[in-house]
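Novice: build the 3D model from these lines:
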Amino acid sequence: MRNLWRPLGRVFSPAAGEPWCASHAANPTALALADGNVRIFFSTRDTSNRSSAASVDIAIDGDRFEMLGRLRGPLLTPGARGSFDADGVTVSSVVSHDGKLYAFYLGWTVLVHVPFTNFIGVAVSDDGKTFRRGSSVPVVGRSPENPLSVGYPIVLRDGPGWRMWFGSHLHWGQKGLEMLHVIKEARSPDLVQWTPSDAVVVDVAGPTDPLEFAISRPSLLREPDGSLSMWYARRRPHYELGFARSTDGARWERRDQDLIFVGTPEAWEDKERTYPFVFDHGGRRYMLYNGNGYGREGFGLAILEQ
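Specialist: I've put the predicted structure just below:
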């Protein structure tokens, strides 16, 4: 499979504005609109480093894009004190079902002995502009299968039901961001009740790349032949992009070496590219991604070379 990407430029650069959007534009997530444009959801941070959900709309025509209108938000804000998302929300997947939009997000809680914990929540919208929490508790949280922290969900239709791939902490190290973070999956009949699997579907490289300690932010597409393609973020310790293929969504073959960006990186992305979201639009395939500082420098758009 050809996996050669050409950057088209930075789409959005965060700038200090209102208190809720003082910095960052992280984890860009695309949703196709009925008018042919694309809405991009992402998380921005306030002056206390708590994240809220925002969006911008863009028009894409081949290798050209244009931002339409202004930043919209906050669409979803941190939860109440003591809740699983009290320190922030980061939308990671938006699906349409029965006339509503379901935004799956990771909720942030800042901790003392480890840096943070994440659990997966869902918010619902009737118009794509305002969201309400679908539940005050996580839809995927701590369990025997996922004992520490889960986040960065991506949801796809799977026959009569739904399927989610997400990141799971299996281990915290002795200090800082030392961790073991892998990709797992869950299934649901209704987008509300989710049953996680115990299996690791994409693991870290292990002895073949001992620097790698995390695989996160999976982005999936189903190919015309029914197979699945996954793009994801790797941490080793700087962020990089990775790629894998699967015929069933449970067993994946990593092909990180196949993912190539052409050209010279711009200054905002010259140290790392991460948090990919890949989507098809107008007969072409595109990737949204973050650059340096996983959102501090904004996000860009790349096109798959034909």
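Novice: what are the ranges of the helices in the protein?
Specialist: With DSSP state H, there are no helices along the chain.
Novice: show me where pLDDT drops low in it?
Specialist: 16 (pLDDT under 70).
Novice: at 90 what do you get?
Specialist: Within the chain, the ranges that satisfy pLDDT under 90 run 1-2, 14-19, 112, 115, 127-130, 173-179, 237, 294, 306.
Novice: can you report how many residues neighbour A123?
Specialist: Here the number of neighbours of A123 (other C-beta atoms under 10 Å) works out to 22. Just so you know, the C-beta spots here come from the backbone N, C-alpha and C atoms, and that holds for glycine as well.
Novice: and the closest residue to it other than its chain neighbours, how far from F243?
Specialist: Leaving aside its sequence neighbours, A123 sits nearest to F131 (C-beta to C-beta, 6 or more residues apart in numbering; 4.0 Å). Taking C-beta to C-beta, to the nearest Å as the measure, F131 falls 31 Å from F243.
Novice: show the end-to-end separation of stretch 15-26, please.
Specialist: 13 Å (C-alpha to C-alpha, to the nearest Å).
Novice: not counting it itself, show me its contacts.
Specialist: 12-14, 42-47, 51-52, 54, 71, 73-74, 77, 90, 275, 290, 293-296, 298-299 (C-beta atoms under 8 Å, 6 or more residues apart in numbering).
Novice: repeat for stretch 196-210
Specialist: 140, 143-146, 165, 168, 170, 180-187, 212-215, 218, 230, 232, 236, 244, 246, 249-252, 254.
Novice: in that stretch, what counts as buried?
Specialist: Neighbour-count burial for stretch 196-210 flags P196, V200, V201, V202, V204, A205 (criterion: 16 or more other C-beta atoms under 10 Å).
Novice: max pairwise distance over those residues: which two?
Specialist: For these, the farthest-apart pair by C-beta to C-beta is P196 and A205; their separation is 23.3 Å.
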